[in-house]
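>>> Turn this into a structure:
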Amino acid sequence: MTQEGGITIDGATVAKLARGVRLREDAVRGQKVLLAPERAMALDEIAVKIVEALDGERSLDRIADDFAAEFGAPRQRIADDVAAFVQELADRRMLEVIA
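So this is what the prediction gives:
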């Protein structure tokens, strides 16, 4: 995926959360959220799994392979969903791309 004037996200992308961005439990709402300076993003269970997988070491292709094996789901659909979500994080500047 390519974002005009922004970061290009594809299967080879290796990323982690940007400095200052943290995954936290919101006790009031009973869900996990990504907290960044002056912004927050509520996450569902799938988004939490993706965020936790962004370790700065594995590529998005490797994450998709791992999820496909873990959940017995179609690999390409998982890869597309992971890339779309990671692109959203990149667009919100909540992500640091390593490679």
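>>> which parts of the lengthiest helix in the chain are buried?
Counting residues, the longest helix in the chain under DSSP state H turns out to be helix 75-91. Neighbour counts using 16 or more other C-beta atoms under 10 Å place I78, A79, D81, V82, A83, F85, V86, Q87, E88, L89, A90 of helix 75-91 among the buried residues. For every residue, glycine as well, the C-beta is placed using N, CA and C.
>>> contacting residues for the last one?
This means A90. Residues near A90 by C-beta atoms under 8 Å, 6 or more residues apart in numbering: Q3, G6, I7, I9, A15, V97.
>>> Give me the contacts around the helix or strand harbouring I63.
Taking DSSP states H and E as the criterion, I63 maps to helix 60-71. Identification of contacts with helix 60-71 by C-beta under 8 Å, 6+ apart yields 9-15, 49-50, 53-54, 58, 73-75, 78-79, 82-83, 86.
>>> could you redo the last one with a cut-off of 6 Å?
Applying C-beta atoms under 6 Å, 6 or more residues apart in numbering, the contact partners of helix 60-71 are G11, T13, A53, R75, I78, A79, V82, A83.
>>> picking that back up, pipe the contacts of A90 into CSV and attach pLDDT per row.
Putting the contacts of A90 into CSV (pLDDT from 0 to 100) gives the following:
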residue, pLDDT
Q3, 47
G6, 78
I7, 83
I9, 95
A15, 97
V97, 94
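>>> List buried members of those by neighbour count.
Buried subset of the contacts of A90 (neighbour count, 16+ other C-beta under 10 Å): I7, I9, A15.
>>> which non-adjacent residue is nearest the first one?
The reference is to I7. A90 (4.4 Å; C-beta to C-beta, 6 or more residues apart in numbering).
>>> residue farthest from the centroid of this structure?
Most distant residue from the mean C-alpha position of the chain: V28, 23.4 Å away (C-alpha atoms, centre = their mean).
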